[in-house]
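Colleague: Provided below are the primary sequence and the corresponding predicted coordinates.
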Amino acid sequence: MSQFWSPLAASLTPYVPGEQPKDKSYIKLNTNENPYPPSPKALEAIAAAANSDLRLYPDPTCDDLVCAAAEHYGVSPRQIFVGNGSDEILAFAFAAFFNPAKPVLFPDITYSFYKVYAKLYDLQPKLIELDESFEIPLEQFSGEHGGIIMPNPNAPTAKLLPLDAIRRLLDANPHQAVIIDEAYIDFGGESAVSLVDEYPQLLVIQTLSKSRSLAGLRVGFAIGSPELIDGLNRIKNSFNSYTLDRLALQGAVAALQDAAYFRETTDRIIETRDRVMSELRELGFIVTDSKANFVFISHPERAAKELFLKLREEGVLVRYFDSPRIDQYLRVSIGTDEEMDAFLKALREMLRQ
Ligand SMILES: *Cc1c(COP(=O)(O)O)cnc(C)c1O
């Protein structure tokens, strides 16, 4: 608490990202980064953009990237918003669409940033409880409310909702914004982008951070009706006209266009994930059915926190959430086959003791 903080700053409970340690080199399976490098074409485009033009401001309307994204998603440029990572777009969306006079609905176990944004904008979150197997009770997302947000696949549970479930959610909620955060959709899900023409209340948010290996570039997309995109632009242009820098704009276009590299690396991650899931089950772990680039696991006889700390000692970082209902779980990002073998080996060693 500081005398210089505004009442707002004093009231916040900021998000705590997974650690990015600098003390030694770990096998980093704690922040859902992609283990493979970005597309070489993206790296070339970024290098080429590092030139004397950096003295100039970037394009405030990001036209080239908006057009590339429109082509990629098969929509019109008026249905695309680009942002400095999808977290920024989420923050803008909370401000643009959610009604503070009514509860904003999201699952009780979900991306923990949602609660932080709700607090920042003085919204009233209403947490909808997942069942014991972490299924989202979609029928409870209805009635009078000020908007809906959920990730699909959900994080950290890794569980996917099929497209027809999203369609039912939209049919039941035509009058408020419904935001689907598809940070992990490329690892086995079917995107709701195909529904944006039909449902003007639907905003789909995606990112280059996970499936495109560009967490360090900070680029995200929102796809939705022109009226939703205009809403996001109203907030953005009241905040920062230049949210994407020149390097990010160029790198993102090249990354979106390199479909072959994207397919190859995501397929590899999916294959590794499925193998790791079955090996973990053989070791006695409860493993949710993951359609993401991470797995969510619990061992009936071992405390998750203890496994987390021991893995850390062995040089393997995973994510442990000390929160109700999930404090016996670990979230483990999918690395390369070699990294996952080292993780499994360390686990086997621990379970033997
Ligand atoms: C990683 C993640 C994001 C944030 O992605 P950035 O584009 O890197 O800001 C958003 N939502 C969920 C559910 C995530 O896991």
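Modeller: Right, received. Where do you want to start?
Colleague: in space, what's closest to F343 - neighbours in sequence excluded?
Modeller: In space, not counting the residues next to it along the chain, F343 is nearest to V316; the distance is 5.2 Å by C-beta to C-beta, 6 or more residues apart in numbering. For the C-beta atoms, the positions are set from N, CA and C on the backbone; glycine is no exception.
Colleague: which residues in the stretch 201-350 of the chain form helices?
Modeller: 226-236, 246-257, 259-282, 304-313, 337-352 (DSSP state H, counting those that start in this stretch).
Colleague: contacts for the first one?
Modeller: By that I understand helix 226-236. Outside helix 226-236, the residues that touch it by C-beta atoms under 8 Å, 6 or more residues apart in numbering are 76, 78-81, 83, 89, 92-93, 95-97, 177, 200-201, 203, 222, 243.
Colleague: what residues does the protein put near the ligand?
Modeller: Residues of the chain lying close to the ligand (C-beta under 6 Å from any ligand atom) are 32, 85-87, 111, 151, 155, 181, 183, 207, 209, 215, 220.
Colleague: and those residues, which of them are in strands?
Modeller: With DSSP state E as the criterion, strands contain 151, 181, 207, 220 from among these.
Colleague: any idea which of the residues of the chain next to the ligand is closest to I269?
Modeller: Taking C-beta to C-beta as the measure, I269 lies nearest N32 of the residues of the chain next to the ligand, at 10.6 Å.
Colleague: SS state for the closest residue to Y117 other than its chain neighbours?
Modeller: Of all residues not flanking Y117 in the chain, F94 sits nearest, at 4.2 Å (C-beta to C-beta, 6+ apart). Here F94 is recorded as helix under DSSP: H, G, I helix; E, B strand; the rest coil.
Colleague: is it true that F94 touches A118?
Modeller: Yes. Assessed by C-beta atoms under 8 Å, F94 is found in contact with A118 at 6.8 Å.
Colleague: intersection of neighbour lists for these two?
Modeller: Both F94 and A118 are contacted by V104, under the criterion C-beta under 8 Å, 6+ apart.
Colleague: out of those two, which sits in the more crowded spot?
Modeller: Applying other C-beta atoms under 10 Å to F94 and A118 shows that F94 carries more neighbours, namely 24 against 20.
Colleague: need the contact list for the more buried one.
Modeller: F94 neighbours (C-beta under 8 Å, 6+ apart): 104, 114, 117-118, 120-121, 123, 149.
Colleague: where does pLDDT dip in this structure?
Modeller: In the predicted model, the chain carries no residue with pLDDT under 70.
Colleague: show me how the record splits it into domains.
Modeller: 7-37+260-352, 40-258 (automatic domain parsing).
Colleague: what distance separates the start and the end of the shortest one?
Modeller: Which is domain 7-37+260-352. In domain 7-37+260-352, first residue to last residue: 52 Å (C-alpha to C-alpha, to the nearest Å).
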